[in-house]
Each structure stands twice: as C-alpha cells, then as structure tokens.
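Chemist: Next come a sequence and a model predicted from it.
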Amino acid sequence: MSFDDAISNATKGATEGFLNWSSNVIKDFVSKLRDKKLAFIQDEKTIKLVKEQYNSGELAIYKAYIEDKEMLFLIKMGLTLRRLEKDKEEERKRNLRTKIFNKYEVRGLHIAQFIENGILNRYVGILIDNLTSIEKFKKDILEILNNIEKHVLFVKTEDDNRNIIKQILAVISSHQPMIFIVSGISSAAQTIKNCEKRLKELLTDYELEKMSDGQKENLFFKRVIKP
Amino acid sequence: MELISLKKVSKESKINLLKELGYSSDGEFVLDLEGKKVYDKYLEEIPIRINNMVILPGSTIILDDNELSLSKYLEEFGDVL
C-alpha cells in the first residue's frame, strides 16, 4: 500500500486535522519497514540535505587524504552547517551546532566551523602551493585538524580587540605555526577587521592573506620562510 | 525506499505504530516496554519525542529527527534511504 493509498484509507481526525491510520494500515507499514522497503521520517528536506553531504564531491576529496572516521564525520557536519547557512535555515543551523558541541565538545565544533567557513579548502590550497609529498600533505591536514586551537582563533562576539591580539600573540609565540588563521562571523568579523592593521604590524614574520565573504572574515597569516 | 512523513499523522496513530513495533509512549516521549524513555542511539542525551521521531529500517531504529543522527545512521547502514 502506498502512502497515497494510506491517506485515502485513513480518516482525518475531525478536530486535529491529522491522519488516523487503521490497525491494518499500521501492520502493513510495519511489515514494509521490517522488509527495509519503508521508513518513517519527519521532513524529507532533512533526509535530502543529509544525503547530499553523504554523497558530496568535497567530502570524497577529503576521504582520499583523511582516514580518521571521526574527523571525516566532523567534516561532513561542517558541510551540513554550510548548506544550512546557504539555505538561511538559522534555527536548524543553531540546533545542529548545539548537537555537535554536546557530542564533540568545543574542538569538534571548531573543526566543523573550519569546514563550514571554507577555511580548510583555502588551507589545502596553501599546502598545495608548497607541496613536497602526498604523505606530508596528509600529515599537515591532520595536524591542523587535530590541533585546531594551535592554528586557528575563532573570534567570539564578546571578544575585544585587545584580548584577541593578546591571544593570537600567545598562541603564535608558543607554537610558531606555519599558518595561523583568525576567523569570525557577523560582529566578530568586524572586530577582526579592527585588529587587522595592528596584527600586520606585530606579526612581522608572517604575510597576510584575507578571505572575506559577506559577514565572514578570515585572516590567514603565513610564515615567511627567510632564505 | 518509500518515505512516509509522520508530520501530519495523529498522535494516537503514532502511539499505535510504536506499540506494533514493541514500544510505547506516554504521549510525549517514546518509551520501551519497561516504560523507560528511549534515547537517540547517536546522541545519548536526547530522549526521543514522538513529535520528532523517525523510524528507520535496520532492526527498527528510532531516532530524533536531526542532521547529526541521520548522518550517523547513513554511516552505519549505508545510503539505504
């Protein structure tokens, strides 16, 4: 029995306007569920979005270089956040961010945000510019994802200029990363813009590459290799 | 795979569906046969509400309808939906 048949066989609840299924309809559905021919969902849009990320070309590229399953899952979550942002599904995006945070803590959320904002794609581009071997390339991608707090500062709305500059100098002084990224959206993006000039003056061993997109601001500080 | 939305299905029908599958409900949450809340297998802190449940094949998996749980399901069972 198809869903349309079920609808025609069902009686509409007089007061609620919801479908009522007879016991026979339910038994038929359950039989199909057990035969793996049917699934009960809420919104088809959610399934479609999830399947799109499952089959995405961008994910397929990362699968070629990253074997860690949890990392690949967080990349998938980042792609999903990006899609929700594109579709202007603010509430769903907020809910998903909360779920990622609850399951994978702040590090997992930051990895997903790193993908969402397109930073990993640009980071990979910078790595390719200086590619020496595939093995090193794989190692470098995993290094940044596994140690994201040493390579990226995600600026929050409540951060002020002085605090941001202090944090960046502390991380760079401790870890001396080849690439350090400052990332923020909305009001945090403006805060980053306000800090840009001072950071350029202070980080003399680094050259700056900007990636701005509407409400997002990402500053890539790339260490200059001196001859 | 036939996909049936539970969005416009009455609470009573959803409870009867759960009973047919060996579960029950207090009208708000999905319960097991002992009357305990059933939690999303991929997000253990989320008790599943009947107004936001999905029921998927694979030994009858009941999950909360969210992108993370559904992505995890596809990882475990493949692109079956």
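Modeler: That came in fine, so what should we check first?

Chemist: In chain A, where's the longest helix?
Modeler: Assignment by DSSP state H gives helix A:90-116 as the longest helix of chain A.

Chemist: For chain A, just list every one of the helices.
Modeler: Under the criterion DSSP H, chain A contains helices at A:3-9, A:23-34, A:44-54, A:57-65, A:69-86, A:90-116, A:119-129, A:134-146, A:148-151, A:161-175, A:187-202.

Chemist: would you turn those into a markdown table with mean pLDDT and distance to A:Gly214?
Modeler: All C-beta atoms are positioned from the backbone trio N, CA, C, and that covers glycine. Formatted as a markdown table, these follow (pLDDT from 0 to 100; distance: least, C-beta to C-beta, whole Å):
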| stretch | mean pLDDT | distance to A:Gly214 |
| --- | --- | --- |
| helix A:3-9 | 48 | 40 |
| helix A:23-34 | 95 | 44 |
| helix A:44-54 | 92 | 21 |
| helix A:57-65 | 94 | 20 |
| helix A:69-86 | 95 | 10 |
| helix A:90-116 | 95 | 13 |
| helix A:119-129 | 90 | 15 |
| helix A:134-146 | 93 | 24 |
| helix A:148-151 | 93 | 23 |
| helix A:161-175 | 93 | 21 |
| helix A:187-202 | 93 | 9 |
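
Chemist: so what does the longest helix of chain A touch, helix or strand wise?
Modeler: Applying 3 or more C-beta pairs under 8 Å, 6 or more residues apart in numbering or on different chains; DSSP states H and E, we find helix A:90-116 packed against helix A:69-86, helix A:148-151, strand A:152-154, helix B:67-77.

Chemist: let's see it at 6 Å
Modeler: Helices and strands touching helix A:90-116, by 3 or more C-beta pairs under 6 Å, 6 or more residues apart in numbering or on different chains; DSSP states H and E, are helix A:69-86.

Chemist: give me the number of residues near A:Ser173?
Modeler: Look at A:Ser173: counted by other C-beta atoms under 10 Å in any protein chain shown, it has 8 neighbours.

Chemist: who wins for proximity to B:Asn16 among the helices of chain A?
Modeler: In terms of C-beta to C-beta, the element of the helices of chain A nearest to B:Asn16 is helix A:23-34, at 5.6 Å.

Chemist: tell me which residues of that closest one are tucked away?
Modeler: A:25-26, A:28-30, A:32-33 (16 or more other C-beta atoms under 10 Å in any protein chain shown).

Chemist: Can you tell me the closest non-neighbouring residue to the residue nearest to the spatial centre of chain A?
Modeler: Nearest to the mean C-alpha position of chain A, by C-alpha atoms, centre = their mean, lies A:Gly78 at 1.8 Å. Closest residue to A:Gly78 apart from its sequence neighbours, by C-beta to C-beta, 6 or more residues apart in numbering or on different chains: A:Ile115 at 2.5 Å.

Chemist: how near is the one you found to A:Phe73?
Modeler: According to C-beta to C-beta, to the nearest Å, A:Ile115 and A:Phe73 sit 11 Å apart.

Chemist: Next: B:Met1.
Modeler: Taking C-beta to C-beta, one finds B:Met1 at 23 Å from A:Phe73.

Chemist: So for these two, which residue has more residues nearby?
Modeler: A:Phe73 (21 against 13).

Chemist: A:Leu109 contacts A:Phe101, doesn't it?
Modeler: Yes. With contacts counted by C-beta atoms under 6 Å, A:Leu109 reaches A:Phe101, the gap being 4.6 Å.

Chemist: residues touching residue 72, list them.
Modeler: No chain specified, so I'll use chain A. A:Ile66 (C-beta atoms under 6 Å, 6 or more residues apart in numbering or on different chains).

Chemist: not what I meant, chain B
Modeler: Contacts of B:Lys72 by C-beta under 6 Å, 6+ apart are B:Tyr42.

Chemist: Up against chain B, what does chain A have?
Modeler: Proximity of chain A to chain B is confined to A:3, A:13, A:18-21, A:26, A:30, A:33, A:36, A:38-42, A:47, A:50, A:54, A:76, A:80, A:96, A:99 under the rule C-beta under 6 Å from any C-beta of the partner chain.

Chemist: Going by neighbour count, which of those residues are buried?
Modeler: With neighbours counted by 16+ other C-beta under 10 Å, the residues of chain A next to chain B contain buried members at A:18-21, A:26, A:30, A:33, A:38-42, A:47, A:50, A:54, A:76, A:80, A:96, A:99.

Chemist: now the helices for chain B?
Modeler: Using DSSP H, helices in chain B cover B:11-20, B:67-77.

Chemist: Name the stretch among those that sits most buried.
Modeler: helix B:67-77 (a mean of 21; mean count of other C-beta atoms under 10 Å in any protein chain shown).

Chemist: From the chain's centroid, how far away is that helix?
Modeler: Remark: helix B:67-77 is offset 13 Å from the chain centroid, using C-alpha atoms, centre = their mean, to the nearest Å.
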